[in-house]
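Asker: okay, predicted coordinates and the sequence, questions at the end:
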Amino acid sequence: MWKNRRRIVALLGGATVLILPFLRVRGRSAARFDLPSLSLHFFGAVVPIDEFYLVLLGALFLVALTLWVTVVFGRLWCGWLCPQTVIGEVGEWIASALPAGFRRGGKTLALLPFSALVSLSLLWYVVPPAEATRDLFRSPILLGAFLAQWGVIYIMVAVVGPRFCKSACPYAMLQNVLADRETLAVAYDPARPECLRCDGCTRSCPVGIDVRKGGQRECIACAACIDACREATSPRNVAPFIAYRGTVLRGKAYLFAGGCLAAALVLLAAMWSRPDVRFAVQWEGKAGTPRGNVYRYSVRNDSDRPVAVALSVEGPARLLDDPEVAVPSRGRVTGTVTVQAGDGTPGEILITAAGRGFRIVRRSAFP
């Protein structure tokens, strides 16, 4: 039964979302935007906010992936993994353990604590889980964010429910643009007129459509109608009239897969070429020594190890201050150095920061 398969997928997806903030890679959360450092932690990688071009490239990859999945698999996401569907179904699973007369109200009540858990788990993606849970009722900001999310989530799953999927979901609009006759979808076989007309497919549909009337934008591909059809046809040894239909391997799928692969390669190349050490220098003013200028420098270390940096000046000029700079891991050091001109010093100088495995040269004016 597709229902059982969807439950397994939903449970695995939900468990992944709940576990990711607790999972630690290289001593950091596997997936979290760290507010104190304004950086994104993602499976050991740290992306500071001033390198958010990587996040944009990651978003570009996700868009390409979404387009490819939509072209090939249609609205499979909606019926199998979308929180709007999954959370509502979890409420139904819990309520199914209650007597029949209490199930409707039981689902509404069951969604209250479950929506709270989802809201709390979202906080774990911006605040360390232990800190978010401990300070939830101490911090007005945390508590306000938690309550606001809880309210929105509860309204979406308990009040709005499948009506959002049917009428307002933007992904459904995207599906209209990208899907074609070969896209995987739940469909009735019109070549078999011996349909039992039991209407089980219509009654089981969470968005209330009749799949026998052909492909419809509102369908979320949850396969509930396939299960209902199978229940009615199995006792008669008849194959279900409704099934997943479509062609996965085709030209359009290859085209979008190529775009997705290109986006992934661009992202990987950007991450691979990202330097661990950054060095910047700027003229600050005249020094108190003859023919001297003061320069302000900044060295940032984005690696997980401390870095020793040696500053030097090329040409006839010389450095008057200590050229050694120690930069802690994931840290930044700023300071000033004085450069004194020698005979024949041009109107600009080259200041070099060198260390193990790197050498960065910056040009600056020497007035």
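Answerer: Right, received. Where do you want to start?

Asker: C-alpha only now, for contacts and for neighbours.
Answerer: Fine.

Asker: quick one, helices of the protein?
Answerer: 2-19, 53-73, 76-80, 83-95, 103-123, 129-134, 140-154, 162-167, 170-178, 200-204, 224-233, 251-272 (DSSP state H).

Asker: mind checking the ones you listed for the one nearest to Thr289?
Answerer: For those, proximity to Thr289 was assessed by CA to CA; helix 53-73 is nearest, at 42.5 Å.

Asker: name the residues of the closest one that are buried.
Answerer: 54, 57-58, 60-61, 64-73 (16 or more other CA atoms under 10 Å).

Asker: which residues touch that helix?
Answerer: 47, 175, 178-180, 182-185, 247-248, 252-253, 256-257, 259-260, 263-264, 266-267, 270-271 (CA atoms under 8 Å, 6 or more residues apart in numbering).

Asker: quick one: buried ones out of these?
Answerer: Buried members of the contacts of helix 53-73, counted by 16+ other CA under 10 Å: 47, 175, 179, 182-185, 252-253, 256-257, 259-260, 263-264, 266-267.

Asker: tell me which of the buried residues of helix 53-73 is nearest to Lys166?
Answerer: For the buried residues of helix 53-73, the residue nearest Lys166 by CA to CA is Thr70; the value is 16.9 Å.

Asker: and the closest one, how far is that from Arg362?
Answerer: 47 Å (CA to CA, to the nearest Å).

Asker: equivalent analysis for Val72, please.
Answerer: Between Val72 and Arg362 the computed distance is 49 Å (CA to CA).

Asker: now swap in Ser119 and tell me
Answerer: 47 Å.

Asker: pick out whichever of the two has more residues nearby.
Answerer: Ser119 (21 against 14; other CA atoms under 10 Å).

Asker: that one contacts Trp150, correct?
Answerer: Yes - taking CA atoms under 8 Å as the definition, Ser119 is a contact partner of Trp150 at 5.2 Å.

Asker: so, low pLDDT: which residues of the stretch 201-350 of the chain?
Answerer: Regions of the stretch 201-350 of the chain meeting the criterion pLDDT under 70 cover residues 344-346.

Asker: residue contacts, the residue located most distally from the centre of the chain?
Answerer: Distance from the centre of the chain peaks at Asp343, with 57.0 Å (CA atoms, centre = their mean). In this structure, Asp343 makes contact with Pro316, Ala317, judged by CA under 8 Å, 6+ apart.

Asker: going forward, count from 495.
Answerer: With the count now opening at 495, the last piece we talked about shows up as Asp837.

Asker: and it, how far is that from Arg857?
Answerer: Computed as CA to CA, the Asp837 to Arg857 distance reads 19 Å.

Asker: likewise for Phe735?
Answerer: Distance, Phe735 to Arg857, using CA to CA: 73 Å.

Asker: which one of the two has more residues nearby?
Answerer: Neighbours were counted for Phe735 and for Arg857 using other CA under 10 Å; Phe735 has more, 21 against 13.

Asker: where's that one relative to Cys719, distance?
Answerer: From Phe735 over to Cys719 the distance is 10 Å, taken as CA to CA.

Asker: try Ile513
Answerer: Going from Ile513 to Cys719 by CA to CA gives 32 Å.

Asker: neighbour-wise, which of those two wins?
Answerer: Neighbour comparison, Ile513 and Cys719: the larger count goes to Cys719, with 29 against 15 (by other CA under 10 Å).

Asker: pull the contacting residues for the closest residue to that one other than its chain neighbours.
Answerer: Distance criterion CA to CA, 6 or more residues apart in numbering; nearest residue to Cys719, sequence neighbours excluded, is Cys695 at 4.1 Å. Cys695 is in contact with Asp704, Val705, Ala718, Cys719, Ile720, Ala722, Cys723, counting by CA under 8 Å, 6+ apart.

Asker: residues near the third one, how many?
Answerer: The local packing of Ala718 (other CA under 10 Å) involves 23 other residues.

Asker: who does Ile843 bridge with?
Answerer: Going by DSSP bridges, Ile843 is paired in beta bridges with Ser858.

Asker: Arg499: neighbour count?
Answerer: 11.

Asker: with Lys497 instead?
Answerer: Lys497 has 14 nearby residues by other CA under 10 Å.

Asker: my read is that it contacts Asp721, right?
Answerer: Yes - between Lys497 and Asp721 there is a contact under CA under 8 Å: 7.2 Å.

Asker: and the strands in the stretch 745-861 of the chain?
Answerer: For the stretch 745-861 of the chain, strands defined by DSSP state E, counting those that start in this stretch occupy the ranges 771-780, 786-795, 801-807, 812-813, 818-821, 825-834, 842-849, 852-859.

Asker: need these in JSON lines (columns: distance to Pro684).
Answerer: Converted to JSON lines, the strands of the stretch 745-861 of the chain look like this (distance: least, CA to CA, whole Å):
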{"stretch": "strand 771-780", "distance to Pro684": "64"}
{"stretch": "strand 786-795", "distance to Pro684": "64"}
{"stretch": "strand 801-807", "distance to Pro684": "69"}
{"stretch": "strand 812-813", "distance to Pro684": "84"}
{"stretch": "strand 818-821", "distance to Pro684": "70"}
{"stretch": "strand 825-834", "distance to Pro684": "66"}
{"stretch": "strand 842-849", "distance to Pro684": "72"}
{"stretch": "strand 852-859", "distance to Pro684": "67"}
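
Asker: please identify which of the ones you listed is closest to Leu517.
Answerer: strand 825-834 (23.7 Å).

Asker: now do that closest one against strand 842-849, angle only.
Answerer: Interaxial angle, strand 825-834 versus strand 842-849 (axes from the mean of the first three to the mean of the last three CA atoms, to 10 degrees): 140 degrees.

Asker: many thanks, I have nothing further to ask.
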